[in-house]
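>>> Just the structure for this:
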Amino acid sequence: MTPISKIQQDIYNLTSSEFVNKYFLSEGIWYFSEVLHHEKENALLLELELKKQIKKFLHLKDGAIYMVGSGKIGCSLNPSKLFQPFRIDSDDGKPSDIDIAIISSEIYHFYWDLFRSSYSPLHSYSYKYISREVYRGYISERNIKEIPNCRRNWNIRTKKLKKLLSNNFEFRHEINYRIYRNEDDFLEYVTQNLDEIKLGGQ
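As a prediction, this is how the structure comes out:
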């Protein structure tokens, strides 16, 4: 997989779109090869099977699945921990999470409707963050879990999937999902974050 030093160079030398195409839309997942120690060919087959199973358990008819973040490339692109390597164990801090992007208008609108029908003043604080996300075309699993009705539905959807990922794929780290309304919203979110990193490095 690509060394972190090369990723650091590319984030400033490539356009944001070029970086996304090279590191996030391409085949190959750092976690499979470097943490689970699968050979390249087997890792690629596992990647295809992973996406297939996520679609199956979430009843995803259309759309796409992408692994992003440090699980995909080996280091974080979060500005608060920029280029920090994926943390496998807890000895040097909290272990890293695996971030998975779900591109699905159907699932996105389902939870947006459920957010609206589940509104309560008791959760008004969480809705401030939810509204910001919806405005940008995505919904995070973290905020789904903040609202009881949404949390119950999500737990039912993902219970068997979590067991499958642990048993069949041997995932040893927590998984975070983010649901995007469409591919454009996903690409816009990622490229805007990369643009912010570039500005910070000037």
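>>> where's N193 relative to P148, distance?
Distance of N193 to P148, given as C-beta to C-beta, to the nearest Å: 30 Å. Where C-beta positions appear, they are placed from N, C-alpha and C, glycine not excepted.
>>> wait, I7 sits on K22?
No. The pair I7 and K22 fails to qualify as a contact (C-beta atoms under 8 Å) at a distance of 9.5 Å.
>>> ok, those two, which is more surrounded?
A direct count of neighbours by other C-beta atoms under 10 Å for I7 and K22 places I7 higher, at 18 against 14.
>>> where along this protein do the helices fall?
For the chain, helices defined by DSSP state H occupy the ranges 4-13, 16-23, 30, 40-57, 70-73, 105-117, 124-135, 141-144, 148-167, 183-200.
>>> Out of these, which is the most enclosed?
helix 70-73 (a mean of 24; mean count of other C-beta atoms under 10 Å).
>>> do you know how far the residue lying farthest from the centre of the chain is from V134?
Going by C-alpha atoms, centre = their mean, the residue of the chain most distant from its centre is P121, 29.3 Å out. The gap separating P121 from V134 is 19 Å, by C-beta to C-beta.
>>> Also Q9?
Counting by C-beta to C-beta, the gap from Q9 to V134 is 35 Å.
>>> No further queries at this time; thank you.
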